[in-house]
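# Generate a structure from the sequence data that follows.
(2 chains)
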There are 2 protein chains.
Amino acid sequence: MLNRAVVVASSSSVSLLPNSKPFFFSVKNLSGFRSSSFSGGFIRRISRTPLRMTTPNLTPRAMAAAQQLQNADQLIDSVETFIFDCDGVIWKGDKLIEGVPETLDMLRAKGKRLVFVTNNSTKSRKQYGKKFETLGLNVNEEEIFASSFAAAAYLQSINFPKDKKVYVIGEEGILKELDLAGFQYLGGPDDGKRQIELKPGFLMEHDNDVGAVVVGFDRYFNYYKIQYGTLCIRENPGCLFIATNRDAVTHLTDAQEWAGGGSMVGALVGSCQREPLVVGKPSTFMMDYLADKFGIEKSQICMVGDRLDTDILFGQNGGCKTLLVLSGVTSISMLESPDNKIQPDFYTSKISDFLSLKAANV
Amino acid sequence: MLNRAVVVASSSSVSLLPNSKPFFFSVKNLSGFRSSSFSGGFIRRISRTPLRMTTPNLTPRAMAAAQQLQNADQLIDSVETFIFDCDGVIWKGDKLIEGVPETLDMLRAKGKRLVFVTNNSTKSRKQYGKKFETLGLNVNEEEIFASSFAAAAYLQSINFPKDKKVYVIGEEGILKELDLAGFQYLGGPDDGKRQIELKPGFLMEHDNDVGAVVVGFDRYFNYYKIQYGTLCIRENPGCLFIATNRDAVTHLTDAQEWAGGGSMVGALVGSCQREPLVVGKPSTFMMDYLADKFGIEKSQICMVGDRLDTDILFGQNGGCKTLLVLSGVTSISMLESPDNKIQPDFYTSKISDFLSLKAANV
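Residues are numbered from 1 along each chain as shown, chains lettered A, B, ... in the order given. I've put the predicted structure just below:
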């Protein structure tokens, strides 16, 4: 597998990237995963070494200024797979973004593979499938990769023992995916009702068979969960600390920005003084998983998202082409700010621009 | 004030520190506080610039191996003030450590000033005074500096406006100290019962008059508090983010280690993507406050504690002599581990060694 950890920008992208030069970079270094001799799982490059996502490396590509998308057909023709972030790209809260169904239909008609990736771990793939259906989109649950699924897929990839247990700080999506993957778990929303006893000498017991703590967004977060997860990570030898994501913001409702999964993860980092292994964006775990599962070359993928520090960094860390849409949280002034160090290959206002930005219109 | 920010090791300490050389260091750089032209408060060196405590600088003193204390009288004679950490030094949980009352009496008889400092913010100074009394110790509440008090003292030091409010993530100690200092506040244990509504379009209102969020250990921590604090810090212009401490561990009971205030602070760091201003150890705020209040030279202080990364670093950051006691969380093997980069000037098993380690016994 190691030879796949070095990727060269394909020459087909040169005409689309006039300012870029061919470059080499190591996915191994960018993702924070270390190469490993482990070969039991289906993603053999992934080891148990925790990711350190706090200071992501920037690729040379990230430093060239983004180009406004002008010839959508050329981009579409140059890739085989589109990975779409959901919130801010496909929908905003509970509302579909204009022109999305027609755009997805057009891409499918051209034979493109479509994949939908979200850091939101509160729902399972199946529950996300229903959301797509409700919005009138024809998306198969096999095309959906939520970070809840990524947590279970990661545990499968390392052959996490079935006689060990997972302690979950998070919501139903994680529990459902662990269930489907055949893992034993405890915690989740139920522990939201628990409190610690305050009497002198009280000791909180914890299950010594917990071999992984998975932390995602949890609106029922409390001190009981912090202490339970901390005890497992600190005291169970070899216990993994897995984060679905470290997003500062999530979209519980579209009326305001809500504190995201980064809060729950930050709380455990504060008590365990250990960094988690992140399976959601911008870590490349899901990208590696997709590339292996579907046998896709990463240079043949275009990552489409509305966030620079998760979506675009995720695409770049994975060695993909990247397209920023301005239909979500990032504005053109944020993209062009001197403080912004992450530049996508292209940007455009929304994905339905794919329908209008034909070669003839340039 | 600026000239006081450069401290030279006093020559009187040379005989006690055979391996050390006189050195210069800047308290300004070590503490992370920036010097400021602000002159309204009683601690004029402190500005609103957030501390960055994640990579504390090590003083040259910290790198010389600790000496086992052999001549207690020489150390006692060389300083005017002893600052004691409480848990692991004076008591363990609810039990007084052997020989403490006699040791404190001896130091008082020799005319030494005694100060008791704790990062625990759950109690006020008054409540701590009762704990000392219950344990049979004669300690005045003016001698006690808990991080709950430090939060209120910091706000006073910057002339925090009395028409602004403080949102508290923490327990009663912080509320009581804010009350005594005349500040308006909201939050605290009461918000532990609150939940967010999950209906579509829901927006959490927050008070635009909140000008500071104070975060300390909080066993009633929940998502409501995370979101409320995050909204204030993100959306109220100039809102301060103050942490009483970032301790990974606290001692709710002595039956086990409990996740500490670092969890609650880590959660807010995760959602706000901002570092807090820490008023507890190892930041030098309390040391600066004490030095100003009592007019003590910092080289005339000996900090006595059981933790390297809070107590000893606190003493070193402040330019004091440091004594590690092994009656708390640090063992001799932890002190001597090659991984440990923080070396106190001296170490001994417990403070009552002051009574036996006379010059005649050396």
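
# Break chain A down into its domains, please.
Domain assignment for chain A by automatic domain parsing gives A:62-119+A:281-362, A:163-278.

# Which residues of the stretch 251-362 of chain A lie near chain B?
By the rule Cβ under 8 Å from any Cβ of the partner chain, the part of the stretch 251-362 of chain A lying against chain B is A:252-260, A:262-273. From N, CA and C alone the C-beta is placed, and that goes for glycine too.

# Which of these fall in helices?
Counting by DSSP state H, those place A:Gly262, A:Ser263, A:Met264, A:Val265, A:Gly266, A:Ala267, A:Leu268, A:Val269, A:Gly270, A:Ser271, A:Cys272 in helices.

# Enumerate the helices of the stretch 151-300 of chain A by residue range, in sequence order.
Applying DSSP state H, counting those that start in this stretch to the stretch 151-300 of chain A gives helices spanning A:172-180, A:223-235, A:261-272, A:285-294.

# Return the member of these having the minimum mean pLDDT.
Mean pLDDT per stretch puts helix A:285-294 lowest among the helices of the stretch 151-300 of chain A, at a mean of 93.

# What is that one packed up against?
On a contact count with 3 or more Cβ pairs under 8 Å, 6 or more residues apart in numbering or on different chains; DSSP states H and E, helix A:285-294 meets helix A:27-31, strand A:81-85, strand A:113-118, strand A:144-146, helix A:147-157, strand A:301-305, helix A:313-317.

# now the ones you listed as CSV including mean pLDDT and mean neighbour count?
As requested, those are exported to CSV (pLDDT from 0 to 100; neighbours: other Cβ atoms under 10 Å in any protein chain shown):
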stretch, mean pLDDT, mean neighbour count
helix A:27-31, 29, 20
strand A:81-85, 97, 24
strand A:113-118, 96, 22
strand A:144-146, 96, 24
helix A:147-157, 97, 27
strand A:301-305, 97, 26
helix A:313-317, 95, 28
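
# can I get the ones you listed in TSV with distance to A:Lys350?
Output for the helices and strands packed on helix A:285-294, formatted as TSV (distance: least, Cβ to Cβ, whole Å):
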stretch	distance to A:Lys350
helix A:27-31	28
strand A:81-85	12
strand A:113-118	16
strand A:144-146	21
helix A:147-157	24
strand A:301-305	10
helix A:313-317	18
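
# Dump the domains of chain A to CSV, plus distance to B:Glu98.
CSV is the format used below for those (distance: least, Cβ to Cβ, whole Å):
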stretch, distance to B:Glu98
domain A:62-119+A:281-362, 51
domain A:163-278, 20
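
# tell me the most buried of these?
domain A:163-278 (a mean of 21; mean count of other Cβ atoms under 10 Å in any protein chain shown).

# Quick one: mean pLDDT over stretch A:333-343.
95.

# Actually, stretch A:247-256.
Averaging pLDDT along stretch A:247-256 yields 87.

# ends of that stretch, how far apart?
One end of stretch A:247-256 to the other measures 15 Å (Cα to Cα, to the nearest Å).

# What lies in contact with it?
Residues outside stretch A:247-256 that contact it (Cβ atoms under 8 Å, 6 or more residues apart in numbering or on different chains) are A:87, A:92-95, A:119-120, A:217, A:219, A:257-262, A:280, A:310, A:329, B:196, B:198-204, B:231, B:270-273.

# cool, stretch A:303-311 as well?
Stretch A:303-311 is touched from outside by A:82-85, A:87-89, A:119, A:245, A:247, A:280-282, A:312, A:314-315, A:318, A:320-330, A:334-335, A:340, A:342, A:344, A:351, with contacts defined as Cβ under 8 Å, 6+ apart.

# Low-confidence ranges, the stretch 1-150 of chain A, go.
Residue ranges of the stretch 1-150 of chain A with pLDDT under 70: A:1-63.

# and it, which residues reach chain B?
So the stretch 1-150 of chain A meets chain B at A:Gly93, A:Asp94 (Cβ under 8 Å from any Cβ).

# Quick one: the strands in the stretch 1-150 of chain A, in order.
Listed in chain order, the strands found in the stretch 1-150 of chain A under DSSP state E, counting those that start in this stretch are A:6-8, A:24-26, A:67-68, A:81-85, A:91-92, A:95-96, A:113-118, A:144-146.

# what's the angle between the fourth one and helix A:285-294?
Relative orientation of strand A:81-85 and helix A:285-294, computed by axes from the mean of the first three to the mean of the last three Cα atoms, to 10 degrees: 150 degrees.

# Distance from the chain centre to strand A:81-85, please.
Taking Cα atoms, centre = their mean, to the nearest Å, one finds strand A:81-85 lying 12 Å from the centre of the chain it belongs to.

# okay, the angle between that strand and strand A:301-305?
Per the same axes, to 10 degrees, the angle that strand A:81-85 makes with strand A:301-305 is 20 degrees.

# elements contacting strand A:81-85?
Counting contacts by 3+ Cβ pairs under 8 Å, 6+ apart, strand A:81-85 packs against strand A:113-118, helix A:285-294, strand A:301-305.

# ok, now how distant is the closest residue to chain B within the stretch 101-250 of chain A from B:Gln256?
Residue of the stretch 101-250 of chain A nearest chain B, by Cβ to the nearest Cβ: A:Leu203 (3.8 Å). As for A:Leu203, its distance to B:Gln256 is 5 Å (criterion: Cβ to Cβ, to the nearest Å).

# can you check A:Asp254 too?
Distance from A:Asp254 to B:Gln256, counting by Cβ to Cβ: 42 Å.
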